[in-house]
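# the amino acid sequence is not available; the structure is as follows:
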Ligand SMILES: Nc1ncnc2c1ncn2[C@@H]1O[C@H](COP(=O)(O)OP(=O)(O)OP(=O)(O)O)[C@@H](O)[C@H]1O
């Protein structure tokens, strides 16, 4: 093990898988070796789960790295990165572990390769506790494009929920970049559009999709009366596996902000409830007048840290995931973050500006 390795405590703050993703991606990009200890120490099943292990192996492959100690359940790993090379990479969680979280760790790395890369990611596309693939494509993608990040996502097979285990497949093509551009998103503007999809897959009846959609529209209508809300009920057909249902609702603002609320069906939970959960999540995320929702916040931190120059993003309450990503980014790069609370005297609305002096990482391979 490299004696210069940066030591990362995997149990700090949020203490979850996100620490691994941010550290591994930044290790690959900056060329610093890392040693992560106490991985997911506070979780009921500590150590690496299949999704985390697959993500680390993918990063190690991308940067011709040496990954030590990584197996299911490991709480300590080390990664010594080499040169990041473009290519065709395949990663399979072999479970419902999220392909979107595989993309979350691999995308920043592939940006710093010498040419475009194809990532074939297998696992769950619409899984719990992770972005649904629709979120990655419709919310995350257009916003990271503001940093200069360009990738395409071909959803070859959806895998909805936890059963059967995995089976989803997404092919992402990632274009490399010389350096990332900083982003300013401080003006929320007005909400101009609300739309989404409510879907069922497998043996579940189409009626559930209609019930989720109707309940979501009713819930949003209580607060937002003037906009047409189009949540399309859909029956996933040949390009889906698993018996599940879910919903994602997206709101766009006049200044180009995008927010979402989403939910997945569970055994014994009425479809109406799933629709209401997603609608309430969306409403919560647009009430605060920030420019990103509670999930995009933490997902943008790595790009802010790498960009050349100052990024500013207005948010609602800063999540622990975001604070954790900032903590790791500051450990592994020269980026400096500040968080400023802003209180609007008239509306009593509280927002925060996350400002980052980015480290200006330059792609040495282009
Ligand atoms: N509904 C959602 N919509 C969009 N993104 C989401 C949603 N739920 C979670 N996420 C994102 O998924 C990621 C989850 O990270 P987290 O570390 O909690 O998960 P994990 O890797 O499964 O680890 P652990 O099991 O240790 O919690 C975060 O980036 C979070 O923003």
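Looks like it came in fine. All values reported here derive from a predicted model rather than from experimental measurement. Numbering: from 1, shown residues only.
# so what pairs up with the closest residue to residue 154 other than its chain neighbours in the strands?
In space, and not counting its chain neighbours, residue 154 is closest to residue 171: 4.4 Å by C-beta to C-beta, 6 or more residues apart in numbering. (C-beta placed from N, C-alpha, C; glycine too.) Beta-bridge pairing of residue 171 under DSSP bridges involves residue 120, residue 154.
# residue numbering should commence at 34 henceforth.
Sure thing, new numbering starts at 34, so read that last one as residue 204.
# so who does residue 204 touch?
Residue 204 makes contact with 151-154, 186-187, 189 under the criterion C-beta atoms under 8 Å, 6 or more residues apart in numbering.
# same for the host helix or strand of residue 281, what does it pack against?
For residue 281, the element it lies in under DSSP states H and E is strand 277-286. Contact partners of strand 277-286 among helices and strands, from 3 or more C-beta pairs under 8 Å, 6 or more residues apart in numbering; DSSP states H and E: strand 224-234, helix 239-254, strand 291-297, helix 304-320.
# got the angle for that strand vs strand 224-234?
170 degrees (axes from the mean of the first three to the mean of the last three C-alpha atoms, to 10 degrees).
# okay, the angle between strand 277-286 and helix 239-254?
Going by the same axes, to 10 degrees, strand 277-286 makes 30 degrees with helix 239-254.
# returning to what we had before: and among the helices and strands packed on strand 277-286, the most buried is which?
strand 291-297 (a mean of 24; mean count of other C-beta atoms under 10 Å).
# quick one: strands adjacent to that one?
strand 277-286 (antiparallel).
# the partner strand to helix 304-320, inter-axis angle?
Using the same axes, to 10 degrees: strand 277-286 against helix 304-320 is 20 degrees.
# quick one: contacts for the residue of the chain found nearest the ligand?
Among all residues of the chain, residue 50 sits closest to the ligand, at 2.1 Å; criterion: C-beta to the nearest ligand atom. Residue 50 makes contact with 73, 82, 84-85, 88, 134, according to C-beta under 8 Å, 6+ apart.
# can you pull the contacts of residue 394?
Residue 394 neighbours (C-beta under 8 Å, 6+ apart): 62-63, 145, 212-213, 339, 341, 366.
# how far away is it from residue 145?
7 Å (C-beta to C-beta, to the nearest Å).
# where do the contact lists of the two overlap?
Joint contacts of residue 394 and residue 145 (C-beta under 8 Å, 6+ apart) are residue 62.
# near the ligand, list only the ones from the contacts of residue 50.
Applying C-beta under 6 Å from any ligand atom to these, one finds that 73, 134 fall near the ligand.
# could you dump the contacts of residue 50 into JSON lines with pLDDT, neighbour count and secondary structure added?
JSON lines is the format used below for these (pLDDT from 0 to 100; neighbours: other C-beta atoms under 10 Å; DSSP: H, G, I helix; E, B strand; the rest coil):
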{"residue": "73", "pLDDT": "97", "neighbour count": "22", "secondary structure": "coil"}
{"residue": "82", "pLDDT": "96", "neighbour count": "19", "secondary structure": "coil"}
{"residue": "84", "pLDDT": "94", "neighbour count": "28", "secondary structure": "helix"}
{"residue": "85", "pLDDT": "97", "neighbour count": "28", "secondary structure": "helix"}
{"residue": "88", "pLDDT": "98", "neighbour count": "29", "secondary structure": "helix"}
{"residue": "134", "pLDDT": "98", "neighbour count": "26", "secondary structure": "helix"}
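# how about the contacts of residue 50 in a markdown table, adding distance to residue 44?
Shown next, in a markdown table, are those (distance: C-beta to C-beta, whole Å):
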| residue | distance to residue 44 |
| --- | --- |
| 73 | 8 |
| 82 | 15 |
| 84 | 18 |
| 85 | 14 |
| 88 | 18 |
| 134 | 19 |
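# so where's the stretch 284-399 of the chain uncertain?
For the stretch 284-399 of the chain, no stretch has pLDDT under 70.
# near the ligand, which residues of it are found?
Checking the stretch 284-399 of the chain against the ligand by C-beta under 6 Å from any ligand atom, the hits are 295, 328, 331-332, 354.
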